[in-house]
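**Q** just to be clear, the model below is a prediction. Sequence and coordinates:
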Amino acid sequence: MSNDAYFTGKVCVITGAGSGIGRALAENLSRRGAKLALSDIDTEGLAETVRRCEALGAQVKSDRLNVAEREAVLLYADEVKKHYGVVHQIYNNAGIAFHGEVVDSQFKDIERIMDVDFWGVVNGTKAFLPHLIESGAGHVVNVSSLFGLIAVPGQSAYNAAKFAVRGFTESLRQEMMARKQPVKVTCVHPGGIKTAVARNATYAEGIDAKQFASFFDKQLALHTPEMAAQTITEGVAKGHGRVLIGWEAKALDLFVRTTGSYYQRIANLVNSRFLP
């Protein structure tokens, strides 16, 4: 089976499809012959993604959706099933960022990140899982992060959410295998991708948001969303449980596994010397 054959004619749901990796995934899957259900809280960005995908010949259902609103996500899943008659794949991609140390962060800052980046993934997974099982050929793809593999100072809330996504997804994969359900599960860990995530992030009081976003864009954003989407779809088609995007994700994953907790001292040293 070619990679394209895994997606041709399949109904694929993508959250956070209005920009970045979500948009690149939508375009990638359009070229592979998938039918799409796209959502985002950014309706203008979503409309542009829809335009691009339809120009590629894809069938597209688009909806404004806040993944943190559980009842809306549950309703959305049923609407997608009713629209297409079946759902095969869910890409829980929507996410936001926050930078700030624990002592400087407000409870609401941490809760907002968890609501979108963790509970958004749980909501999407739970809402669509029955439909994926029913399809007989389902796949859950949850987007964690490089920061779901390694913790760094100033990213405690984001680390918490992305580590939680990783644990949730890896456990779900084992559950599906143990139950012999027709659903594959993949956890994605992107490294530095050229998206607007840093520019759209929120920050604790006292942090220069423009300076930090500029640093991310110039120094850390190493790969295009298109490269990320290609890596994801290749890994999904092969049934990989974990997909690492970028050489830095692979290198730091190995670094953490070989150094144990000692990596935290090194990460703190690098952070204090190089980050703004």
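**A** Yep, that arrived.

**Q** kindly provide the distance from residue 52 to residue 58.
**A** From residue 52 across to residue 58, the span is 9 Å (C-beta to C-beta, to the nearest Å). Placement of C-beta: from N, CA and C, glycine included.

**Q** mutual contacts of these two, please.
**A** Common contacts of residue 52 and residue 58 (C-beta atoms under 8 Å, 6 or more residues apart in numbering): 26, 30.

**Q** which one of the two has more residues nearby?
**A** residue 58 (21 against 15; other C-beta atoms under 10 Å).

**Q** now that one: which helix or strand?
**A** Per DSSP states H and E, residue 58 falls between elements, in no helix or strand.

**Q** can you read off the pLDDT for residue 270?
**A** Residue 270 carries a pLDDT value of 73.

**Q** pull out the buried positions in the helix or strand hosting it.
**A** Counting by DSSP H and E, the element that carries residue 270 is helix 263-274. By neighbour count with 16 or more other C-beta atoms under 10 Å, helix 263-274 contains the buried residues 263, 267.

**Q** for it, packing partners?
**A** Counting contacts by 3 or more C-beta pairs under 8 Å, 6 or more residues apart in numbering; DSSP states H and E, helix 263-274 is packed against helix 247-259.

**Q** average pLDDT across the helix it packs on?
**A** Averaging pLDDT along helix 247-259 yields 90.

**Q** now swap in stretch 185-197 and tell me
**A** For stretch 185-197, mean pLDDT is 82.

**Q** next: stretch 121-128.
**A** 98.

**Q** restricting to C-alpha, output it in CSV.
**A** Extracted C-alpha coordinates of stretch 121-128, given in CSV (Å, rounded to 0.1, in the frame of the first residue of the first chain):
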residue,chain,number,x,y,z
VAL,A,121,-7.0,16.8,22.7
VAL,A,122,-9.0,14.8,25.1
ASN,A,123,-12.3,16.3,23.9
GLY,A,124,-11.5,15.6,20.3
THR,A,125,-10.3,12.1,21.0
LYS,A,126,-13.3,11.1,23.1
ALA,A,127,-15.8,12.7,20.8
PHE,A,128,-14.5,11.0,17.7
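
**Q** which residues are contacting it?
**A** By C-beta under 8 Å, 6+ apart, stretch 121-128 touches 13, 15, 67-70, 73-74, 76-77, 80, 87, 90, 92, 140, 142-143, 165, 168-169, 172.

**Q** if we use 7 Å, what do you get?
**A** Stretch 121-128 has contacts (C-beta atoms under 7 Å, 6 or more residues apart in numbering) with 13, 15, 67, 70, 73-74, 77, 87, 90, 92, 140, 142, 165, 168, 172.

**Q** closest to residue 131 out of these?
**A** Within the contacts of stretch 121-128, proximity to residue 131 (C-beta to C-beta) peaks at residue 87, which comes in at 4.1 Å.

**Q** mind listing what the closest residue to that closest one other than its chain neighbours touches?
**A** Nearest residue to residue 87 in three dimensions, chain neighbours excluded: residue 131, at 4.1 Å (C-beta to C-beta, 6 or more residues apart in numbering). The contact partners of residue 131, by C-beta under 7 Å, 6+ apart, come to 77, 81, 87.
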